[in-house]
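Q: sharing a model that was predicted from the sequence below.
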Amino acid sequence: MSQGILINNVHIFDGHNEKVIYGNILIKDNQIKTISESPIPINDGNDTIIDGQQKFLMPGLIDAHWHAYMACNTMIDLLTADTAYTQFKAGQEAGATLLRGFTTIRDAGGPVFGLKRAIDEGIIIGPRIYPSGSLISQTGGHGDFRAVYDEPRPFDCCGLTHTEEIGAAIIADGIDAVTVAARNNLRLGASQIKLMTGGGVASLYDRLEDTQFFEEEIHAAVKAAEDAGTYVMVHVYVPRAIQRAIQAGVKSIEHGHLIDEPTMKLIAEKEVWLSMQPFTLEDNKFPTKEQQEKHELVVNGTDKTYQLAKKYKVKLAWGTDLLFNPTNTKNQNQGIIKLQKWFTNFEILKMVTHDNAQLLSLSGMRNPYPGKLGVIEENALADIILVDGNPLEDITLLGNPEKYFVMIMKDGKIYRNIL
C-alpha cells in the first residue's frame, strides 16, 4: 500500500469558494484522497501524520505568465553567454520559484523543455511547467533579438540566429513560416503556442502601438494549435492588434494594458481570456529613454484595463512577466499583493489558483499534467501550501513566503516543512 500524508486541524480554502472549512486532508501518492471535517482513519502504519496547527491550507500558487529562463538571465546573457551557464541559472531559479509557493507556471516563451523534463524526472526541484517553446515573432517584432547589422533572411535560408539556436525566439514571416514555427514548438512539447502580435516595451525595433503579424499568419498558428488540441496566447497591448488576434481565433490575450472599451467588450463576448499583470513603475528600469517611456505608458494603462475587465466580467488570469532581471525574481509574490487595488482578497486567491488553472486547462490534449490543478478537492493533484495566517483576511501574507509558507507540497511531495 502506498504511503500517505494526513494533515489534521487546518482551515481549508478550496480555491473557488470563499467559505473555508475546518478539517483534515489525506494525500495518497500525488492526489488528494479525502477531505473531511471529521477525523480521517488511516490503516497504514507507514502514513505520515502532520498536525496543521489550525493554519490555512490552500492550493499552490500558479503564475500564468512566467519566463522560467528569461526572468533569471539578462539580455546580455541571452545573447552572449554559454547556454549551459544560462540553463544552470534557470535550474537554480526553478527551485526558488517552487519555494516561493508557485507549484505551477505557464512559461510564456523560452527554452524550457529541458528544464521541465529535469523537474518532472526529479533531477532538480521546481514548479510544473506549461511550456510555450520559442517566442514566434515577425521581422522587427517584439521577439526579434537580432543585432542591427544582422541581415534579414528569407524563410528557410541562411542558417539560424543565436536566439533561434537556443530556442528563445524564432523569426517567422508569412503563413508557411508561422505554421512551421508553431508545429515545431508542438513537436518539441509545447502545451500552447505564443505569438508576439504587438509592440513591446523592451523591443529594439518596434513601437508599443504596432500591430504585428497579418491575420492570416496568426490564424495559421491557431489552426496548427487547434489541430494539436490546444490554443494560442499572444503578447499584445493595443486595441487594433487585440481585435486582429481575436478575429484570428486566439484564446488568451497577454497584457492588453492599452485597451479601449469596445475591445474589452469584444473579449467578453468571445469568451477570450485576459492574462494581466499589475505593472508599476518600480518593476523595471530600462536603459533607453524610449523604452522607459513605453514602460510608463503600460503602467498608466493598468488601472483602466482592470476596471474595464471587471465591468464586462472578462475571464481574468494573473501573471508576472518578469524579464531579464535576475535580482527581481524574488519579488514574484509581490505581483499578487498589487492586485488588492482592484480585487478583494478572495477574488485574488481564486485568481492565482483556480482561475489560472482554468486557463491552463485550455491546452487540452497537450496538457502535460492531466488532472485538477488550482483546487483542494478529492482526486485533485496534491499541490498545497500551508500558510501561517489567513490570506482571506490579510493577502500580504502571500508576499513573504519564506516567513509565512510553513509547508509547500507539489505532486504529493513535501518540499518545505517548518511547522
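A: Done, it's in.
Q: the chain: helices as residue ranges?
A: In the chain, the helices defined using DSSP state H lie at 75-80, 83-99, 113-120, 162-165, 175-188, 215-227, 239-247, 261-270, 289-311, 334-337, 345-350, 356-360, 401-404.
Q: which of these sits most buried?
A: Between those, helix 356-360 has the highest mean count of neighbours, a mean of 24, where neighbours are mean count of other Cβ atoms under 10 Å. In this view, the C-beta of every residue, glycine as well, is placed from N, C-alpha and C.
Q: picking up where we left off before, which one of the helices of the chain lies closest to N30?
A: The minimum distance between N30 and those falls on helix 113-120, with 11.9 Å, by Cβ to Cβ.
Q: point out where the protein drops to low pLDDT.
A: Low-confidence segments of the chain, defined by pLDDT under 70: 1-2, 44, 147, 149, 151-159.
Q: can you tell me the centre-most residue of it?
A: The structure's the chain has its C-alpha centroid closest to A64; by Cα atoms, centre = their mean the separation is 2.3 Å.
Q: mind listing what it touches?
A: When contacts are counted by Cβ atoms under 8 Å, 6 or more residues apart in numbering, A64 is found next to I105, R106, S275, A317, W318, G319, N356, L359, L360.
Q: reformat those as TSV; add distance to F145.
A: Shown next, in TSV, are the contacts of A64 (distance: Cβ to Cβ, whole Å):
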residue	distance to F145
I105	22
R106	22
S275	23
A317	26
W318	27
G319	21
N356	28
L359	27
L360	27
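Q: I'd like the distance between T327 and N73.
A: Taking Cβ to Cβ, to the nearest Å as the measure, T327 falls 12 Å from N73.
Q: out of these two, which sits in the more crowded spot?
A: N73 (24 against 8; other Cβ atoms under 10 Å).
Q: so who does the nearest residue to the more buried one once chain neighbours are set aside touch?
A: Nearest residue to N73, sequence neighbours excluded (Cβ to Cβ, 6 or more residues apart in numbering): T86, at 4.8 Å. With contacts taken as Cβ under 8 Å, 6+ apart, T86 has the following neighbours: Y69, N73, D77, L78, I166.
Q: ok, K194 - contacts?
A: When the contact criterion is Cβ under 8 Å, 6+ apart, the partners of K194 are A108, G109, S132, G133, L135, I136, V232, M233, V234, H235, E254.
Q: what's the burial count for the closest residue to A118 other than its chain neighbours?
A: For A118, ignoring the flanking residues on the chain, the nearest one in space by Cβ to Cβ, 6+ apart is I124 at 5.1 Å. Around I124 there are 15 other residues, counting by other Cβ under 10 Å.
Q: right, and I124 touches A94 too?
A: Yes. Using Cβ atoms under 8 Å, I124 is in contact with A94, at 6.4 Å.
Q: returning to that earlier point: for S36, which of the helices of the chain is the nearest?
A: The stretch from those with the least distance to S36 (Cβ to Cβ) is helix 345-350; that distance is 22.2 Å.
Q: please name the bridge partners of the nearest residue to M233 once chain neighbours are set aside.
A: Spatial nearest neighbour of M233, chain neighbours left out: S252 (3.9 Å); criterion: Cβ to Cβ, 6+ apart. Going by DSSP bridges, S252 is paired in beta bridges with M233, W273.
Q: next up, the contacts around S252.
A: When contacts are counted by Cβ under 8 Å, 6+ apart, S252 touches Q192, Y231, V232, M233, V234, V272, W273, L274, S275, A317, L359, L362.
Q: could you do R146 as well?
A: Taking Cβ under 8 Å, 6+ apart as the test, what R146 contacts is T161, T163, I171.
Q: check G109 too.
A: Counting by Cβ under 8 Å, 6+ apart, G109 has contacts H67, M70, S132, G133, S134, L135, G143, A168, A169, K194.
Q: just among those residues, which is most surrounded?
A: K194 (30 neighbours).
Q: with adjacent residues omitted, what lies nearest to that one?
A: Among residues not flanking K194 along the chain, S132 sits closest, at 3.9 Å (Cβ to Cβ, 6+ apart).
Q: quick one, phi psi at the nearest residue to N325 once chain neighbours are set aside?
A: What sits nearest to N325 in space, not counting adjacent residues and going by Cβ to Cβ, 6+ apart, is N284, at 6.5 Å. Reported as degrees, to the nearest 10, the phi and psi values for N284 are phi -150, psi 150.
Q: what's the burial count for N284?
A: Under the neighbour criterion other Cβ under 10 Å, N284 is assigned a count of 20.
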